[in-house]
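Participant: From the sequence below, what's the structure:
(one chain, ligands or ions: 1)
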Amino acid sequence: MDSDRRQFLGRCGAVVTGVAAPFALPRHALQESHASTRTRAGTRHERFMWLAIEQARRNPQWPFGAVIVDHRTGEVLGSGVNTGADSPVLHGEVVAMNDYVHRQGNQGWADTTLYTTGEPCSMCMSAMAWANLRRVVWASSIDEIRRTEINQIALSAREVAASARSFYTPELLLGGVLSDHTNRLFEEAQRLRQNLPDAPPAKPS
Ligand SMILES: [Zn+2]
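Facilitator: Sure thing, here's the model as predicted:
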């Protein structure tokens, strides 16, 4: 565990619980939403989430964007946006993972963090478990996305990760980073879809 993560999660835990617990990382610290505090690690998460948002803006009607970052160096190693019009499996996270494999090969996942504008669906979270991609940060939750009339399978990313516990141990599952911004993005996308003359049926992330 690097010092930034200790600091960030420690503070996050302190905010959530109201007590100072800088290094006694409770289990639920992995399960709480992003605190609004501007810690160094928190700012770093936001910086990479802005890159995911930049990807998402490439598909204004389905703004699911993702980037994969080397969490030691901060280098962006893969990126993508939902291209579900081409294939039902090409969610933003999968497109970013495919881009990563194209650029880096199918290796090195354990040193990466994936940032995505929407909580990973069960398909994408499963793909990350298979890859052993253990650090995942998202903005809008599945419930928030569903409110904008986008279909979602009713399994949270944490539930999928927990179901893979026999072979998969995530280090960081953090939601809510810049969700104020992405929630507006999804609301705007809903308006765009509604204004289309032949609006397609709701698609998942
Ligand atoms: Zn997905």
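
Participant: OK, contacts around I68?
Facilitator: By CB atoms under 8 Å, 6 or more residues apart in numbering, the contact list for I68 reads 76-79, 96-97, 99-100, 112-115, 133. For glycine as for every other residue, the C-beta is placed from the backbone atoms N, C-alpha and C.

Participant: With pLDDT and secondary structure added, can I get the residues you listed in a markdown table?
Facilitator: Shown next, in a markdown table, are the contacts of I68 (pLDDT from 0 to 100; DSSP: H, G, I helix; E, B strand; the rest coil):
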| residue | pLDDT | secondary structure |
| --- | --- | --- |
| V76 | 98 | strand |
| L77 | 98 | strand |
| G78 | 98 | strand |
| S79 | 98 | strand |
| A96 | 98 | helix |
| M97 | 98 | helix |
| D99 | 98 | helix |
| Y100 | 98 | helix |
| T112 | 98 | strand |
| T113 | 98 | strand |
| L114 | 98 | strand |
| Y115 | 98 | strand |
| L133 | 98 | coil |
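
Participant: now that we have these, which one has the most neighbours?
Facilitator: Within those, most neighbours by other CB atoms under 10 Å means Y115, with 31 neighbours.

Participant: I figured it hits A66, correct?
Facilitator: Yes: counting by CB atoms under 8 Å, A66 is a contact partner of Y115 at 6.4 Å.

Participant: what sits in contact with each of the two?
Facilitator: Here Y115 and A66 have A52 as joint contacts, going by CB under 8 Å, 6+ apart.

Participant: right, and T116 touches V69 too?
Facilitator: No: T116 lies out of contact with V69 (CB under 8 Å); the separation is 11.5 Å.

Participant: neighbour-wise, which of these two wins?
Facilitator: Neighbours per residue (other CB under 10 Å) separate T116 from V69, with T116 holding more: 31 against 25.

Participant: Could you list the buried residues of stretch 160-175?
Facilitator: Buried positions in stretch 160-175, judged by neighbour count with 16 or more other CB atoms under 10 Å: 160-161, 168, 170, 172-175.

Participant: who in the chain is up against the ion?
Facilitator: 91, 121, 123-124, 205 (CB under 5 Å from the ion).

Participant: How many residues are close by the closest residue to R146 other than its chain neighbours?
Facilitator: Nearest non-adjacent residue to R146, counting by CB to CB, 6 or more residues apart in numbering: Q152, 4.7 Å away. Burial of Q152 is recorded as 20 neighbouring residues (other CB under 10 Å).

Participant: can you confirm Q152 is in a helix?
Facilitator: No: going by DSSP: H, G, I helix; E, B strand; the rest coil, the assignment for Q152 is coil, not a helix.

Participant: follow-up on the earlier one: kindly reformat the buried residues of stretch 160-175 as JSON lines containing pLDDT.
Facilitator: Output for the buried residues of stretch 160-175, formatted as JSON lines (pLDDT from 0 to 100):
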{"residue": "V160", "pLDDT": "98"}
{"residue": "A161", "pLDDT": "98"}
{"residue": "Y168", "pLDDT": "98"}
{"residue": "P170", "pLDDT": "98"}
{"residue": "L172", "pLDDT": "98"}
{"residue": "L173", "pLDDT": "98"}
{"residue": "L174", "pLDDT": "98"}
{"residue": "G175", "pLDDT": "98"}
